[in-house]
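Trainee: give the three-dimensional model of this entry:
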Amino acid sequence: MYPRRTRVAVAAALLIGLAGCGADEQPDAAGSGTAQQGGCATETTSGREGVDLLAIPPAKVTLTNPGSGERKVAAAAPDRNSPQSATLVTTSSVAAVGDEQAQTVEMPLEARFHCTDSTDVEMVLGTVTSPDAELNGQLRPVAGSQAGLAIGPGSMPISLRLLPAESAGSQARLAVEQALVQSLQLSVPLPTEPIAVGATWRAERTINSAATVTQHIDATLTAWEGNRLTMDVTVDETPVNSVFVIPGSDQTLNISRFSNSGTGQVTLDLTRGLPVSARIDVDGARELFGADPAQPLIQRTSLSVGWR
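Mentor: You can find the predicted model right below:
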């Protein structure tokens, strides 16, 4: 079997791999809050000194059924009269024989559209917590950190900007980055064509992590009431090749078997920049091997993303 050090390094892949696209520098926050005017932001984190800019994999959206009844475009209609209060909860885990790692982060956010730019959502983090006592202590200084989200047609996230509080340590920064990136990589963009209840579409994106995968999210519009759209979704991911990179090193393993899929429900409000309700659970397994294919490493993985 693999030595324990190797097993632990590979087991950590899910927990840090999705956040691996962040910058290495340690930014300093410029200011303690996002300037605001009523329910909108008058300033932006875009271009601010010290901001970590993280690209979100673009999704190709294909409408497969427009639905029945009166069809209309699900176009954003930003509410600039009041801020959005939302809470993101993510739990990721990876387990192999003799080792299991898991991380849960709960992150309150206050989000505002920019006063003049409808593609810019500015956010301020509240008190971020974790049931893990050590991580929870690390997360305390995160409160008041700023973030920004660039969104495109179909409410599709394009990039994430993070501006942590000066006193936030590297472990806390990584946990916050990972939670936000994981949630955005599971976001459900809307078609730009007219749709009605019963519409179905597929979003396809390529995600670069320890294993580069093609992700398919199939969505069905089950309700459209006022500005709120509710969708049932299924998720399926397949690797684009057999290479698995152990994060933090130049070592690679081979993927011999891989599965990762899940289901969930998402509710979007066209007047808001973040989901108003969501829960997506994805579970998987993978078999990896190195120089000796007769000594495989089998891992079970899971990811849960929730908004409320």
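
Trainee: what bridges to the residue lying closest to residue 124 once chain neighbours are set aside?
Mentor: Counting by Cβ to Cβ, 6 or more residues apart in numbering, residue 110 is the residue found nearest to residue 124 once chain neighbours are left out, at 4.9 Å. Just so you know, the C-beta spots here come from the backbone N, C-alpha and C atoms, and that holds for glycine as well. Bridge pairing for residue 110 (DSSP bridges) gives the partners residue 85, residue 124.

Trainee: residue contacts, residue 110?
Mentor: Residue 110 makes contact with 83, 84, 85, 123, 124, 126, according to Cβ atoms under 8 Å, 6 or more residues apart in numbering.

Trainee: which secondary structure elements does the lengthiest strand in the chain contact?
Mentor: As assigned by DSSP state E, the longest strand anywhere in the chain is strand 252-269. Under the contact definition 3 or more Cβ pairs under 8 Å, 6 or more residues apart in numbering; DSSP states H and E, strand 252-269 sits against strand 228-239, strand 243-245, strand 277-289, strand 297-307.

Trainee: now that strand, how far from the centre of its chain.
Mentor: 12 Å (Cα atoms, centre = their mean, to the nearest Å).

Trainee: ok, now stretch 127-139?
Mentor: Using Cα atoms, centre = their mean, the offset of stretch 127-139 from its chain centre is 19 Å.

Trainee: quick check: mean pLDDT of it?
Mentor: Stretch 127-139 carries an average pLDDT of 96.

Trainee: stretch 58-74 now?
Mentor: So the average pLDDT for stretch 58-74 ends up being 96.

Trainee: list the buried residues of that stretch.
Mentor: Across stretch 58-74, burial judged by 16 or more other Cβ atoms under 10 Å covers 59, 61, 63, 66, 67, 74.

Trainee: go through these and flag which are in helices.
Mentor: Per DSSP state H, helices hold no members of the buried residues of stretch 58-74.

Trainee: in the protein, which helix or strand is least confident?
Mentor: helix 4-11 (a mean of 46; mean pLDDT, DSSP states H and E).

Trainee: find the nearest non-adjacent residue to residue 287, please.
Mentor: That would be residue 257: by Cβ to Cβ, 6+ apart, it lies 4.1 Å from residue 287.

Trainee: off-centre distance for the helix or strand harbouring residue 150?
Mentor: Using DSSP states H and E, residue 150 sits in strand 146-152. Distance of strand 146-152 from its chain centroid, counting by Cα atoms, centre = their mean, is 12 Å.

Trainee: this completes my enquiry, with thanks.
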